[in-house]
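K.L.:
Based on what follows, work out the 3D shape:
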Amino acid sequence: MPLTLTPLPSIPLIRPGDNLAGIILAELRTAHIALKDNDILVITSKIVSKAEGRLVNLTVIKPSKEAVELATRSARDTRMVELILQESREVLRVRPGTIIVEHRLGFVCANAGIDHSNVSPPLPPGEGTGPALSEVEGVRADDWVLLLPEDPDRSAAEIRHKLEAASGVRLGVMIIDSHGRAWRLGTVGMTIGLSGLPGVVDERGWQDLFGYTLQITVVGVADELAAAASLVMGQAAEATPVVHVRGFPYPLREGSLGELLRPKEQDMFR
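P.N.:
Below you'll find the model as predicted:
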């Protein structure tokens with residue numbers, strides 16, 4: 001079966017408390033997609049964070065002394081730096097404009113994954129089609145940032161279970177974010193939470209075309225799929241935060257973010 005990735009159209013602007021599973025099911029119907037066993041839904045972390053109320057107004061943040069010192073080194077807003085510190089286990093590298101950290105979830109990323117793009121104040125109930133938020137009196141979109149989901153594995157599992165209950169089929173769900181990499185330029189989609197599919201597939205012991213037994217090949221299949229889905233989603237104004245996947249070439253099983261994280265003692269870039 002070929003691998004197909006289909007972006008879901010017309011996902012509305014997400015508000016805190018929205019039922020993402022219900023919204024996804026409605027958009028699957030709009031796209032005339034009937035879920036089948038082994039399908040996967042790839043979801044950008046941004047809408048999960050919005051639904052979970054992970055929006056923060058910078059005007060209420062009080063920077064610590066450490067944040068003020070780090071803001072001077074990084075040329076960043078002190079309030080943003082305070083949030084980065086709160087979301088991180090350790091600061092690894094600093095340069096003007098960028099702070100590389102070990103996120104509290106265990107992966108290494110820039111600025112703790114805190115996002116300013118496509119972020120606006122929380123939409124009041126029923127106002128998704130109202131005036132532009134920049135026109136609402138007293139509201140400054142620039143004051144709002146978005147943190148990553150509190151527990152992306154749990155979020156993926158909750159969405160998956162709702163989708164499976166409604167459809168009666170076996171699914172996988174991934175939550176992805178855009179990250180840079182230590183030895184390459186450019187960001188790519190990477191998995192930060194998953195449920196119902198493998199994070200990695202260990203191919204050690206498999207035979208290649210010529211009978212050679214693979215010795216070290218462990219494939220980050222969730223990240224491979226995340227990168228493909230991110231290409232379909234886009235990064236700017238495409239408004240396609242959910243992608244339906246069919247034909248994933250590996251058996252589904254329970255998985256978690258922990259599979260994808262390299263142990264610190266094996267990380268040659270620290």
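K.L.:
Pass me the low-pLDDT residue ranges in the protein, would you?
P.N.:
When the per-residue scores of the chain are filtered using pLDDT under 70, the ranges that remain are 123-141, 235-238.
K.L.:
domain ranges for it?
P.N.:
7-48+153-260, 55-147 (automatic domain parsing).
K.L.:
chain center to stretch 155-167: distance?
P.N.:
The chain centroid and the centroid of stretch 155-167 are separated by 17 Å, computed with Cα atoms, centre = their mean, to the nearest Å.
K.L.:
If we go by neighbour counts, what in that stretch is buried?
P.N.:
Under the neighbour-count criterion of 16 or more other Cβ atoms under 10 Å, stretch 155-167 has S155, A156, A157, E158, I159, R160, K162, L163, E164, S167 buried. C-beta coordinates here come from the backbone N, C-alpha and C atoms, glycine included.
K.L.:
Would you point out the most distant pair within those?
P.N.:
For the buried residues of stretch 155-167, with distances taken as Cβ to Cβ, the pair at the greatest spread is S155 and S167 (18.5 Å).
K.L.:
Go ahead and confirm I100 touches I84.
P.N.:
No. Using Cβ atoms under 8 Å, I100 makes no contact with I84, being 10.1 Å away.
K.L.:
So for the two, which sits in the more crowded spot?
P.N.:
Just comparing I100 and I84: by other Cβ atoms under 10 Å the higher neighbour count belongs to I84, 24 against 19.
K.L.:
Surely the more buried one is within a helix?
P.N.:
Yes. Note on I84: a helix contains this position according to DSSP: H, G, I helix; E, B strand; the rest coil.
K.L.:
Return the distance of it relative to N111.
P.N.:
Counting by Cβ to Cβ, to the nearest Å, the gap from I84 to N111 is 6 Å.
K.L.:
who touches both of these two?
P.N.:
In the contact map built from Cβ atoms under 8 Å, 6 or more residues apart in numbering, the residues linked to both I84 and N111 are R76, I99, V101.
K.L.:
tell me the phi and psi of the second one?
P.N.:
Spelled out, that is I99. phi -120, psi 120 (degrees, to the nearest 10).
K.L.:
How about the contacts made by it?
P.N.:
Taking Cβ under 8 Å, 6+ apart, we find I99 in contact with L70, S74, R76, V81, I84, V91, R93, A110, N111, A112.
K.L.:
Identify the residue spatially nearest to the last one, adjacent ones excluded.
P.N.:
Nearest residue to A112, sequence neighbours excluded (Cβ to Cβ, 6 or more residues apart in numbering): E87, at 3.8 Å.
K.L.:
List the contacts of that neighbour.
P.N.:
Shown here is E87, whose contacts under the criterion Cβ under 8 Å, 6+ apart are V101, H103, R104, A112, G113, I114, L147, L148.
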